[in-house]
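> Quick check, what structure comes out for this input:
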Amino acid sequence: MANGQTQQETSEAQLRARGLRATPQRLSVLDELLREPNDVTAQQLYDRLRKRGNQIGMATVYRTLDALAEAGIIEPLAHFRDALCYRVCREGHHHHLVCSECHSIVELRDCDLEEPLARAAAEHGFVATGHHLEVVGVCAACGG
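You can find the predicted model right below:
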């Protein structure tokens with residue numbers, strides 16, 4: 001935490017910087033996401049919050065995740081077949097390596113895909129306006 005701020009102060013600052021009110025529900029969801037080094041589904045997040053004694057409802061978890069994603073505070077990842085996963089990522093353009101065994105995630109900062117994607121899009125009559133990439137595999141710790 002910067003300048004001796006508590007996690008809650010940091011969460012409040014992040015929310016306000018993105019134009020969101022720092023409601024108790026948003027703070028509890030964001031604080032829990034900040035504890036997670038990789039990613040978590042909405043159901044896992046809900047279960048963790050309930051175990052901590054938070055009386056938040058599942059619909060509120062989904063609404064909060066949507067608001068945080070829309071504000072660019074968290075990112076949804078689609079590497080699970082049945083559910084999106086969510087994580088707090090560093091700012092700026094990046095991609096993800098996702099381990100299919102332990103679900104660890106590595107953020108890749110260097111991206112050389114803009115030019116080849118623009119070329120491929122143009123060949124099909126598209127204009128590429130952005131991209132998101134998740135590479136699923138097995139990390140070294142899991143035998144990759």
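> buried stuff in the helix or strand bottoming out on mean pLDDT in the chain?
Confidence across the helices and strands of the chain bottoms out at helix 7-17, with a mean of 83, counting by mean pLDDT, DSSP states H and E. By 16 or more other Cβ atoms under 10 Å, the buried positions in helix 7-17 come out as Thr10, Ser11, Glu12, Gln14, Leu15. Bear in mind the C-beta positions are built from the backbone N, C-alpha and C, glycine included.
> next one: it to chain centre, how far?
16 Å (Cα atoms, centre = their mean, to the nearest Å).
> Please apply the same query to stretch 128-139.
Chain-centre distance of stretch 128-139: 13 Å, with Cα atoms, centre = their mean.
> Using CSV, write out the CA atom coordinates for that stretch.
This file holds the C-alpha atoms of stretch 128-139, laid out as CSV (Å, rounded to 0.1, in the frame of the first residue of the first chain):
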residue,chain,number,x,y,z
ALA,A,128,-9.0,-3.8,-35.3
THR,A,129,-9.8,-1.5,-32.4
GLY,A,130,-8.4,-3.6,-29.6
HIS,A,131,-7.6,-7.1,-28.4
HIS,A,132,-7.5,-9.2,-25.3
LEU,A,133,-5.5,-12.4,-25.1
GLU,A,134,-5.6,-15.3,-22.6
VAL,A,135,-3.1,-18.1,-23.2
VAL,A,136,-4.1,-21.2,-21.3
GLY,A,137,-1.5,-23.8,-20.5
VAL,A,138,0.4,-25.5,-17.7
CYS,A,139,2.9,-23.5,-15.5
